[in-house]
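> Got a predicted model here, sequence first, then my questions.
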Amino acid sequence: MTPSAPDAEQIKPGWLAAFKVYLEPPSLRMLLLGFSAGLPLLLVLGTLSFWLREAGIDRTTIGYLSWVGLAYAFKWVWAPLVDWLPIPLLTRWLGRRRSWLLLAQLAVMAGLVAMSFNDPRVALQPVVWGALSVAFGSATQDIALDAFRIESANTDRQAALAAAYQTGYRLAMIWSGAGVLWLAARSEVVGLASYQHSAWQSAYLVMAASMLLGMVTVLLSPEPAHRAMPKARNLAEWLRGALVEPFADFLRRYGRQAALILALIAIYRISDVVMGIMANPFYVDMGYSKDEVAAVTKIYGVIMTLVGAFVGGAMALRLGVMRVLMLGAVLSAASNLLFAWLFTRGHDVTSLIFVISADNLSSGIASAAFIAYLSSLTNLKYSATQYALFSSMMLLAPKFLAGYSGRYVDAFGYQNFFCATALLGVPVLALVWLASRNLPNFTDPVRAGK
């Protein structure tokens, strides 16, 4: 008997056919572009702090230089311009999305090359300007790539594209975390001083060359179908619709609860972010080698974060988002105390593995719950803009406070610093408890798209 048209439409592909989606050209392109997006992050934050500390830069300065990462917290400010403004000549050649992607990738590559050719021990300022170029280019690439991904496939392919993107992103973080330390270690000349600028120069030049993977992908990719821009008489009117209205919508829907929710978003990850800036200088000062840090924190640590994310996602389905949000907040603060204990162990790789396991597992659980919470707050009509605002807001206060982390360590030492970052998590617990008592309506018709 031949099935009717409605029945035929309901037939779902088998598992083998479903997994073949990852071999389709759009998924493969997103894997490579995800690699391009994930590469710059550690090179201006985590890995850079290791390099600077090995070069003898004081911890106070390293802490201040972490403010370079604020570019990611403010990317929503120029996101509408990426949508609105064509790039002379380039947009006519490549189209709106690909032109912005290529320009951003060129900025990242140029910044990495500039960083590599300047020794921070001799001239720190050029390294900072190079890092700023990388950070702004990377943040702009994120904006353009999100739009490129959304416009490149139908709704039923979006989950596959997102999975391919995340896979590429994580692989890039391993390459720019463990890979750059491994390359620098292999480039050192035996018998010379422990710090050799030429080793870091070689490693960062390889990272700059790695951006070619994303650039070639952009040049060989088709431009997504043109999406008509919202009608507006001028740029100011369009910006009002793109930025003001999404925020106003959030305030209208949550009313008095909005301040509580925004406060929770602003400080939920504060323990992790503030502590993280001093993690690499800590490893250097404790005598861990590049190979040890690469293997334990940059490869094994990333794997444990992914495990934590899967565990957190499953727990959120089973126990509810708010319970796991509270658990993540407790674990994130408590795991910082393990670093205070690690300080007492000296150069102990076994203890480092234990601490990294607990810390990254906790971070993964907290991240999964927090992403679910942020997603639940958005109005489907403004989902992209509201989520960008929320995700930027969660970095602003922690990144700003993290700038003073080196100064605190210089004044009070690592052990007191790690204990202090754990205490920063106490207000988070109170805000999660208050938010759970005033739980927003997650089945709101606006969220359901009705």
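Arrived safely.

> which residues in the stretch 351-450 of the chain form helices?
Assigned by DSSP state H, counting those that start in this stretch, the helices in the stretch 351-450 of the chain fall at 383-402, 405-412, 414-423, 426-437, 445-448.

> Could you identify which of those helices has the lowest mean pLDDT?
With a mean of 40, helix 445-448 has the lowest mean pLDDT of those.

> Do I have it right that Leu431 meets Leu262?
No - the criterion here is C-beta atoms under 8 Å, and Leu431 misses it with Leu262 at 10.1 Å. Any C-beta I mention is one placed from the backbone N, CA and C, and that applies to glycine too.

> Neighbour count for those two, which is higher?
Between Leu431 and Leu262, counting by other C-beta atoms under 10 Å, Leu431 is the more crowded of the two (19 against 16).

> Between the helices of the stretch 351-450 of the chain, which one is closest to Met173.
Met173 lies closest to helix 383-402 among the helices of the stretch 351-450 of the chain, at 16.6 Å (C-beta to C-beta).

> okay, that closest one in PDB with CA atoms only?
What follows is helix 383-402, C-alpha atoms only, in PDB (Å, rounded to 0.1, in the frame of the first residue of the first chain):
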ATOM      1  CA  SER A 383      17.200  35.000  19.500                       C
ATOM      2  CA  ALA A 384      20.500  35.900  17.800                       C
ATOM      3  CA  THR A 385      20.700  39.400  19.100                       C
ATOM      4  CA  GLN A 386      19.500  38.600  22.600                       C
ATOM      5  CA  TYR A 387      21.900  35.700  23.000                       C
ATOM      6  CA  ALA A 388      24.800  37.700  21.700                       C
ATOM      7  CA  LEU A 389      24.000  40.400  24.300                       C
ATOM      8  CA  PHE A 390      23.700  37.800  27.100                       C
ATOM      9  CA  SER A 391      26.900  36.000  26.100                       C
ATOM     10  CA  SER A 392      28.800  39.300  25.900                       C
ATOM     11  CA  MET A 393      27.500  40.500  29.200                       C
ATOM     12  CA  MET A 394      28.600  37.300  31.000                       C
ATOM     13  CA  LEU A 395      32.300  38.200  30.100                       C
ATOM     14  CA  LEU A 396      32.300  42.000  30.800                       C
ATOM     15  CA  ALA A 397      32.500  42.100  34.600                       C
ATOM     16  CA  PRO A 398      34.700  39.000  35.000                       C
ATOM     17  CA  LYS A 399      37.200  40.100  32.300                       C
ATOM     18  CA  PHE A 400      37.400  43.600  33.800                       C
ATOM     19  CA  LEU A 401      38.100  42.200  37.300                       C
ATOM     20  CA  ALA A 402      40.500  39.600  35.900                       C
END
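
> for that helix, packing partners?
Under the contact criterion of 3 or more C-beta pairs under 8 Å, 6 or more residues apart in numbering; DSSP states H and E, helix 383-402 touches helix 70-73, helix 75-84, helix 124-151, helix 245-254, helix 257-267, helix 270-277, helix 349-377.

> quick one: the third one to chain centroid distance?
What that stands for is helix 124-151. What separates the centre of helix 124-151 from the centre of its chain is 12 Å, taken as C-alpha atoms, centre = their mean, to the nearest Å.

> Who are the packing partners of it?
Applying 3+ C-beta pairs under 8 Å, 6+ apart, we find helix 124-151 packed against helix 25-43, helix 59-65, helix 70-73, helix 75-84, helix 96-116, helix 155-174, helix 383-402.

> circling back: could the helices of the stretch 351-450 of the chain go into CSV alongside distance to Leu106?
Formatted as CSV, those follow (distance: least, C-beta to C-beta, whole Å):
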stretch, distance to Leu106
helix 383-402, 23
helix 405-412, 32
helix 414-423, 37
helix 426-437, 39
helix 445-448, 39
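
> Which one of those helices lies nearest to Met278?
Nearest to Met278 among the helices of the stretch 351-450 of the chain is helix 405-412 (5.0 Å), distances taken as C-beta to C-beta.

> returning to what we had before: is it possible to export the helices and strands packed on helix 124-151 to a markdown table including distance to Phe412 and mean neighbour count?
Below are these laid out as a markdown table (distance: least, C-beta to C-beta, whole Å; neighbours: other C-beta atoms under 10 Å):
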| stretch | distance to Phe412 | mean neighbour count |
| --- | --- | --- |
| helix 25-43 | 27 | 24 |
| helix 59-65 | 11 | 21 |
| helix 70-73 | 24 | 20 |
| helix 75-84 | 33 | 18 |
| helix 96-116 | 31 | 23 |
| helix 155-174 | 31 | 18 |
| helix 383-402 | 15 | 19 |
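
> hmm, back to that, which of the helices and strands packed on helix 383-402 is buried the deepest?
Mean neighbour count (mean count of other C-beta atoms under 10 Å) peaks for helix 270-277 among those, with a mean of 25.

> Next, the residues that contact the helix or strand that that helix is followed by from outside, please.
The first helix or strand that comes after helix 270-277 along the chain, using DSSP states H and E, is helix 279-285. Helix 279-285 is contacted by residues 46-47, 49-50, 52-54, 59, 62, 292-293, 297, 339, 343, 406, 409, 414 when judged by C-beta atoms under 8 Å, 6 or more residues apart in numbering.
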